[in-house]
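**Student:** Quick one, what's the 3D model for this:
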Amino acid sequence: MPPRTLAELDALRAECKAMVTRRAGLSAGAAVLPIPGADIGADVSLLLEMIPAINRKFGLSPEQIEALDPQLKKILLVAITSIGSELIGKLVTRPLLLKLLQRVGLRLATKSAAKFVPLLGQALAASVSFGAMKLIGNAHVDDCYAVARKVLLAGSAGRD
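**Tutor:** Model (predicted):
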């Protein structure tokens, strides 16, 4: 159920950011494994689960958007477009996430190279992985929050 008040929306943002931190920790753990490509595979799997979960919590999954009143749906689509998100209200696929991960490519390349330096390299790879996952996840939470807030305020203005 999407948030109906700004207080619910703020609580939801905090809950989603905590989820992002947990997933970033899992990503950091995968980065320590000395198996080439395992960390990227883990990151994609984590994102394939996390991004749709965040969308659902904010009421922004494709199914939830489709069920909206046409006027509210129009406001929502304008808000999504103004944010410029490729992940809100869309089916999240592996190719879409790989494109997203390419945007933080320098960090990921550093992570992949660093993990083969004994001890210090693994710590660096874990911290880079944690940071990249937090960056992507928190940016998505912030985008969803902004869209949901615009729709919430537009909806409450329509009820006044």
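**Student:** Quick one: the helices in this structure, in order.
**Tutor:** 6-32, 38-57, 62-66, 70-83, 94-103, 105-114, 120-159 (DSSP state H).
**Student:** Can you tell me which helices and strands the third one packs against?
**Tutor:** With contacts defined as 3 or more Cβ pairs under 8 Å, 6 or more residues apart in numbering; DSSP states H and E, the secondary structure elements packing on helix 62-66 are helix 70-83. Just so you know, the C-beta spots here come from the backbone N, C-alpha and C atoms, and that holds for glycine as well.
**Student:** residues in contact with the helix it packs on?
**Tutor:** 60, 65-66, 68, 88-89, 143, 146-147, 150-151, 154-155, 158 (Cβ atoms under 8 Å, 6 or more residues apart in numbering).
**Student:** before we move on, the earlier item: lowest mean pLDDT across the helices of the chain, which one is that?
**Tutor:** Lowest mean pLDDT within those: helix 105-114, a mean of 52.
**Student:** returning to that earlier point: I'd like the helices of the chain as TSV, with mean neighbour count appended.
**Tutor:** Converted to TSV, the helices of the chain look like this (neighbours: other Cβ atoms under 10 Å):
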stretch	mean neighbour count
helix 6-32	17
helix 38-57	19
helix 62-66	13
helix 70-83	15
helix 94-103	14
helix 105-114	16
helix 120-159	19
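**Student:** Next one: the closest residue to Lys150 other than its chain neighbours from Arg23, what distance?
**Tutor:** Setting aside the residues directly before and after it, Lys150 is nearest to Ala79 in space (Cβ to Cβ, 6 or more residues apart in numbering), at 4.2 Å. Using Cβ to Cβ, to the nearest Å, Ala79 is found at 25 Å from Arg23.
**Student:** Check Gly41 too.
**Tutor:** Distance of Gly41 to Arg23, computed by Cβ to Cβ: 14 Å.
**Student:** so how far is Ala18 from Gln71?
**Tutor:** Between Gln71 and Ala18 the computed distance is 33 Å (Cβ to Cβ).
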